[in-house]
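Peer 1: Sequence unavailable; structure follows:
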């Protein structure tokens with residue numbers, strides 16, 4: 001669990017997220033949490049390129065390791081948590097590869 005959000009990994013490798021979606025830490029579209037800024041029930045994380053092997057929720061960001069070992073990150077990048085320059089990406093509401101445009 002992160003500071004105000006949680007992730008769960010289903011047996012088939014599907015990632016689920018709920019809690020605060022501030023700065024995109026759930027990897028869910030901003031419209032998913034537009035009214036309150038939070039998602040109260042677990043939602044399947046869309047757009048991941050296959051099954052996940054591992055998940056981790058940080059303070060204001062989240063990470064998934066995909067079945068073939070690639071790392072994807074979502075949420076706040078205020079201290080470079082997404083592996084990208086802070087000046088380029090403030091936050092992401094979708095999971096991104098570190099260092100990719």
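Peer 2: Now that the structure is in, tell me what you want to look at. Here the structure is a predicted model, which is why all the values come from computation and not from measurement. Numbering: from 1, shown residues only.

Peer 1: which one is residue 47 nearest to, not counting chain neighbours?
Peer 2: Once flanking residues are discounted, residue 47 sits nearest to residue 94: 5.8 Å by C-beta to C-beta, 6 or more residues apart in numbering. Using the backbone N, CA and C atoms, a C-beta is placed for each residue, glycine as well.

Peer 1: what about the one you found, helix or strand, and which?
Peer 2: strand 91-96 (DSSP states H and E).

Peer 1: returning to what we had before: what about the residue nearest to residue 47, how many residues nearby?
Peer 2: 14 (other C-beta atoms under 10 Å).

Peer 1: Then the one 4 residues further on?
Peer 2: By the measure other C-beta under 10 Å, the count of residues near residue 98 is 14.

Peer 1: got the phi/psi numbers for it?
Peer 2: Residue 98 adopts backbone torsions of phi -60, psi 140, taken as degrees, to the nearest 10.

Peer 1: residues contacting residue 67?
Peer 2: Listed by C-beta atoms under 8 Å, 6 or more residues apart in numbering, the contact partners of residue 67 are 13, 50, 51, 52, 53.

Peer 1: low pLDDT regions in this structure?
Peer 2: 100-101 (pLDDT under 70).

Peer 1: now with 90?
Peer 2: By pLDDT under 90, the low-scoring segments of the chain are 1-3, 22, 30-37, 99-101.

Peer 1: And stretch 14-28, what's buried?
Peer 2: Using 16 or more other C-beta atoms under 10 Å as the test for burial, stretch 14-28 gives 15-28.

Peer 1: Over to stretch 55-67?
Peer 2: Those buried within stretch 55-67 under the rule 16+ other C-beta under 10 Å are 55, 57, 58, 60, 61, 62, 63, 64, 66.

Peer 1: Setting aside sequence neighbours, what's the nearest residue to the fourth one?
Peer 2: It refers to residue 60. residue 76 (3.9 Å).

Peer 1: again, but for the second one
Peer 2: Distances taken as C-beta to C-beta, 6+ apart put residue 2 closest to residue 57, at 3.4 Å, once the chain neighbours are dropped.

Peer 1: and that neighbour, how far is that from residue 22?
Peer 2: 10 Å (C-beta to C-beta, to the nearest Å).
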